[in-house]
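**Q** What follows is a predicted protein model with its sequence.
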Amino acid sequence: MDWPTVREKYPEKWVLVEALSTQSLNHKRNINNMSVISDFLIPKEAWSSYKKLHLSDPSRELYVFYTSNEHIEVIEQPFTGIRGLQ
């Protein structure tokens with residue numbers, strides 16, 4: 001599903017999506033196709049759901065967006081921190 005379709009189907013909602021088809025250009029991640037996992041009225045609930053899914057499978061490309069935004073923008077930043085020992 002593309003972003004205009006998501007906005008139409010889930011108006012004024014927070015959506016947890018998985019990127020299915022993406023490309024990177026000039027440090028921006030363009031999401032061509034996405035799948036809506038869940039929709040929420042409260043952003044905190046969306047982020048809680050994101051955290052659970054990300055912890056269970058960090059390889060999935062998950063995002064939380066608000067559908068009132070006409071455009072979505074994902075800026076790629078290199079990870080420069082140090083993670084704790086597992």
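**A** Ah, there it is. Residues are numbered from 1 along each chain as shown.

**Q** spatially speaking, which residue is in the middle of the protein?
**A** Nearest to the mean C-alpha position of the chain, by Cα atoms, centre = their mean, lies residue 63 at 1.1 Å.

**Q** Pull the contacting residues for the residue lying closest to that residue once chain neighbours are set aside.
**A** Closest residue to residue 63 apart from its sequence neighbours, by Cβ to Cβ, 6 or more residues apart in numbering: residue 17 at 5.4 Å. Quick note: C-beta positions are derived from backbone N, CA and C, even for glycine. Residue 17 makes contacts with 6, 31, 34, 35, 36, 37, 62, 63, 64, 65, as judged by Cβ atoms under 8 Å, 6 or more residues apart in numbering.

**Q** which among these gets closest to residue 78?
**A** Using Cβ to Cβ, residue 63 is the member of these that sits closest to residue 78, with 18.0 Å.
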